[in-house]
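Asks: Quick check, what structure comes out for this input:
(2 chains)
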Amino acid sequence: MKNRRSSGAEASQSPGLGAFRSTKRLRAGGIELARTYGIVLGLVVLVAAVASQNDVFISRVNLLNISSQWAPAGVMAAGLTFVLIAGGIDLSIAANFNLCAVIAASIGQHHDPGLAFLAALGLGTGIGFINALIVTVTRIDSFIATLGVSFALTSISQILTGNQAYYVEREDFLSLGAGTWHTIPYAGMVLFGTFLLLGLVLGRGAYGQKIYAIGGNREASRLAGLRVQVLYGSTFVLVGFCSGLAGILSASQLGSAQYNIDPGILFDVVTMVVLGGTSLLGGYGAMWRTVVGWAFIAAIGNSFNILNINSNYQNLVKGLVLIGALAIDAYVRRLARPGAT
Amino acid sequence: MTQHEAAEGGERPPPAVRALGIVKAFAGVRALRGVDFEIEVGEIHGLVGENGAGKSTLAKIVSGAYRADAGTLWANGRDLGGGNPREHAEAGIAMVYQEPKLVPGLSAAENVFLGKTPRRGPFVARREASRRLGEIASTVGIEVDARTKAGDLTLAKQRMLDVLRALDSGADILIMDEPSAALGPVERDSLYRTIEKLRDGYVTILYISHDLDEVVRLSDRITVMRDGSLVATKPTAEWTPRALVEAMLGRDFVVPTRHKADQQEGDEILRVEGLTVPGALEHVDLSLRKGEVLGIAGLVGSGRSTLLRALAGGEPKAAGNLFLEGEPAAWPVSVSTALRYGIAFSPEDRRRYGLVLGLNGAVNVSLTNMQAVTAATFIQWRKLFKYAKQLVAPLGLDPTRLRLSAASLSGGNQQKLVLGRALGAEPRILLLDEATAGIDVGAKAEIFGIIDRLAADGLSIVFASSELEEVVEICDRILVLGRGRSLDVLQGEHCTVRHILEVAFGVEEEPAA
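Replies: Take a look at the predicted model:
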């Protein structure tokens, strides 16, 4: 398969033969374009379809509302993008997020919100660090390692809360989630700030390039002198920090936290990253893809609300969209590589 | 010219396999140039040649894994023109690969009968399966416990399972590609006995090996290939190891010559004593002088690549004494340590170990030295391309190609990316593993020119390659490895392909006739 690709590429380098292959190349180019921007097209179609049914959907107020409401999931998706590109997965993010929200709320009940937020951020990062140690030192596959951590964290949340919710009534604690600046919600600003900053680090930072490198070819990266395990582990620390941040946002938005804030959030976050086109196999993906995936999932969730559809159907639609998108992507990839199995 | 006997025998049975005018090309490079070839029924037919001579390609065409571009093929009286692997299997051909094709978690019996396990109702009939496995195994004189998991068996036994599976499916023509590779002496003996039993049971065997001794011991006839053509097929009695080496060599290769320094007395820059990598290398010594090109030659499995990886810090379990310009230093067990020592590495199989194919050329070049192209952790794209350009332009790579993904470049240009990256670390010692593999003649000449220039500028180079002609041409001295040990260091007039092969194959010096 590799040989096939290389020979094709070399052939297209020779200008004399190019003319005879132009239709083939055009087709390949179209496929590449469809792969790259197909998800954007899907988002446009979705938005147009919902907007035609209801004017509220693309109103300024609703869009700002979406940016705030879906901020926790988006912040985690931004961090998870790094893990996936590095060739791993973190299934403990939702449980981590939940525990951080619980800690923030429990401290925030009686103490300064700054302390509560810092503690939650530190906890999230610490859990990320533990994940990093597990996957790099014991070399347990990240899928099963973080699944195990996820169970443990959920259990800790239950023990801490005794299955009760912590309610926080201090105004200053709630201002992060509810506050606005010229009608723009703080939470939305945090979200887009995270997308922007992490997008720059991933796309323009030396660190980001190294993450692509280890995800694309770990052995070659090792032999080129990269500290592969340190880099790989660092992505888990990063997504742990993002989970802590998401936990703070959620606790502050809701003014409360219990052990099961949003049972569907893990699915939503993973779907955002994968739907955008970032590869589960590592080495391929981008932050803008995650932004598009975020918008897609947020739009579906929001449209159920404003179109008054029974929310029981929501996950059915999300599941079908995810499978459909991946099936189309897999099919297009097969077209792009004739002969590959 | 090749099948002189074929014309004589009118009453001989038809051959088990007959190939006529087989041509096969990969991406325009001709791997087989019209091969006429026959295997007689019930013989062990040895097939030898250097790496890239076309042995495996021919074997894969016979087995049906590849389809010939031109030529005709018959086996057991069937015309196998369709290039359909199933037709080949139905004609009774089976291939035993170097890497056994087994399901490690299933038992030996389940592996042998994979897909047609004896059943009783919906359940596996274990006793029946064991009994049938025992029957087949006894015909070739091997003992296998039917219930042992395939993954727990030794490599030799695993290969035997592949053989048993082939026999069970009714194959009577077996192709064995390096079946003794990675086996110890005792396992080898048991393999040889099995193969002889197979022949006694009228199984026809095509035996491909780099080990001339075993080919001579086992085969009834031996065919030598070189450069995609068949040199000769003769009964084993008419060959000697020396004659086989001669036939494998040929003379018509063209390699650009390097101007070797007459004076080989530079200062010793690197000395290695007793380098051991568990399972791969044992007590290897070497010494490298300033501005010298040291060749590393050896057959498949000799430990060539492991030696270079260990020097580059890529083998965490490596241990040995290292002296840099006479000063002892801890053995590098990470690539970054080796880079700090001034040792840079261009690994073999550049697509697998050298490059991140999805990233562009410039990032690949600067991967080792990212801090050179960043400001406050962010990459300065202009700086990045400038850095990469300054490294690869002297190597003759068109800098505009740096913006393309590494996957889309030709083999020669990919090699220049890896080379550029290594040189970016400003090394004292450069390790090149298979730097000329799979690149065209023009690019090869360029790479040789680069090596020549770098050595003249005082860089010490270790050059490992399976292309012996190239090693001979480019290197000042040659370390010959065999099964993880250093066999000899050749220098001066002893640096010839023949000497390397004689050392590697263990052919004794014969007094000149």
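Asks: can we go C-alpha only for contacts and neighbour counts from here?
Replies: Noted.
Asks: in the chain, which ranges drop under the pLDDT threshold?
Replies: Just so you know, I chose chain A. Applying pLDDT under 70 to chain A picks out residues A:1-32, A:34-35, A:333, A:335-341.
Asks: wrong one, chain B
Replies: B:1-12, B:27-29, B:51-52, B:82-83, B:182, B:184-185, B:250-265, B:438, B:440-442, B:508-513.
Asks: Show the backbone phi and psi for the spatially most central residue of it.
Replies: Here the mean C-alpha position of chain B is nearest to the C-alpha of B:Val300 (Cα atoms, centre = their mean), at a distance of 4.9 Å. The phi and psi values for B:Val300, taken as degrees, to the nearest 10, are phi -60, psi 130.
Asks: quick one, what contacts it?
Replies: B:His210 (Cα atoms under 8 Å, 6 or more residues apart in numbering or on different chains).
Asks: ok, now which residue in chain B is the farthest from the centroid?
Replies: Farthest-from-centroid check, chain B (Cα atoms, centre = their mean): B:Gly121, 46.5 Å.
Asks: give me phi/psi at it?
Replies: phi 60, psi -130.
Asks: for B:Ala375, same thing?
Replies: phi -130, psi 120.
Asks: near chain A, which residues of the stretch 251-400 of chain B show up?
Replies: B:312, B:314, B:334-336, B:339, B:345, B:347, B:352-359, B:363, B:367-368, B:370-371, B:374, B:377-379 (Cα under 8 Å from any Cα of the partner chain).
Asks: Drop anything exposed from the residues you listed.
Replies: Neighbour counting by 16 or more other Cα atoms under 10 Å in any protein chain shown classes B:312, B:314, B:334-336, B:339, B:345, B:347, B:353-359, B:363, B:367-368, B:370, B:374, B:378-379 among these as buried.
Asks: What count of nearby residues applies to A:Leu123?
Replies: Neighbour count of A:Leu123, defined by other Cα atoms under 10 Å in any protein chain shown: 22.
Asks: among the buried ones among the residues of the stretch 251-400 of chain B next to chain A, which are in helices?
Replies: Using DSSP state H, the subset of those located in helices is B:335-336, B:339, B:363.
Asks: For the stretch 351-500 of chain B, which segments count as helices?
Replies: B:361-366, B:381-392, B:411-424, B:441-456, B:468-474, B:497-505 (DSSP state H, counting those that start in this stretch).
Asks: from these, which stretch is densest packed?
Replies: helix B:361-366 (a mean of 29; mean count of other Cα atoms under 10 Å in any protein chain shown).
Asks: Just the residues contacting that helix, thanks.
Replies: A:209, B:355-356, B:372-373, B:384-385, B:387-389, B:401-406, B:417-418, B:420-421, B:424.
Asks: Same check on stretch B:241-251?
Replies: Here stretch B:241-251 has contacts from B:48-50, B:212-213, B:216, B:224-226, B:231-232, B:497-498, B:501-502, B:507, using Cα under 8 Å, 6+ apart.
Asks: buried ones in that stretch?
Replies: Buried, per 16+ other Cα under 10 Å, within stretch B:241-251: B:241-242, B:244-245, B:247-249.
Asks: same question, stretch A:262-274
Replies: Quick answer for stretch A:262-274 (16+ other Cα under 10 Å): A:265-266, A:268-274.
Asks: what are the C-alpha coordinates of it, in PDB please?
Replies: What follows is stretch A:262-274, C-alpha atoms only, in PDB (Å, rounded to 0.1, in the frame of the first residue of the first chain):
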ATOM      1  CA  ASP A 262     -23.900  15.300  32.500                       C
ATOM      2  CA  PRO A 263     -23.800  11.600  31.800                       C
ATOM      3  CA  GLY A 264     -23.600  12.200  28.000                       C
ATOM      4  CA  ILE A 265     -20.700  14.600  28.100                       C
ATOM      5  CA  LEU A 266     -17.900  12.100  27.400                       C
ATOM      6  CA  PHE A 267     -19.800  10.900  24.300                       C
ATOM      7  CA  ASP A 268     -20.300  14.500  23.200                       C
ATOM      8  CA  VAL A 269     -16.600  15.500  23.600                       C
ATOM      9  CA  VAL A 270     -15.200  12.400  21.800                       C
ATOM     10  CA  THR A 271     -17.700  12.900  19.100                       C
ATOM     11  CA  MET A 272     -16.800  16.600  18.600                       C
ATOM     12  CA  VAL A 273     -13.100  15.700  18.000                       C
ATOM     13  CA  VAL A 274     -13.700  12.700  15.900                       C
END
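Asks: all strands of the stretch 101-250 of chain A, in order?
Replies: In the stretch 101-250 of chain A, the segments counted as strands under DSSP state E, counting those that start in this stretch are A:166-167, A:180-181, A:184-185.
Asks: Test my guess that A:Ala165 contacts A:Ser256.
Replies: Yes. The pair A:Ala165 / A:Ser256 is scored as a contact, 6.4 Å apart, by Cα atoms under 8 Å.
Asks: Settle it for me: which of those two has more neighbours?
Replies: The neighbour comparison of A:Ala165 against A:Ser256 (other Cα under 10 Å) goes to A:Ser256, with 22 against 17.
Asks: neighbours around the residue nearest to the more buried one when sequence neighbours are not counted, how many?
Replies: Of all residues not flanking A:Ser256 in the chain, A:Tyr167 sits nearest, at 4.3 Å (Cα to Cα, 6 or more residues apart in numbering or on different chains). A:Tyr167 has 17 neighbours, counted by other Cα under 10 Å.
Asks: Looking at the residues of the stretch 251-400 of chain B next to chain A, which are in strands?
Replies: Using DSSP state E, the members of these that fall in strands are B:345, B:374, B:378-379.
Asks: which one of the residues you listed is nearest chain A?
Replies: B:Phe378 (4.2 Å; Cα to the nearest Cα).
Asks: Just to check, B:Asp488 is in contact with B:Val503?
Replies: Yes. The criterion here is Cα under 8 Å, and B:Asp488 meets it with B:Val503 at 7.2 Å.
Asks: joint contacts of these two?
Replies: B:Val480.
Asks: Next up, the contacts around A:Ile58.
Replies: Contacts of A:Ile58 by Cα under 8 Å, 6+ apart are A:Ala51.
Asks: Need the three-state assignment for it.
Replies: Following DSSP: H, G, I helix; E, B strand; the rest coil, the label given to A:Ile58 is coil.
Asks: re the thing from before, quick one: closest of the helices of the stretch 351-500 of chain B to A:Val190.
Replies: Among the helices of the stretch 351-500 of chain B, the nearest to A:Val190 by Cα to Cα is helix B:381-392 (27.9 Å).
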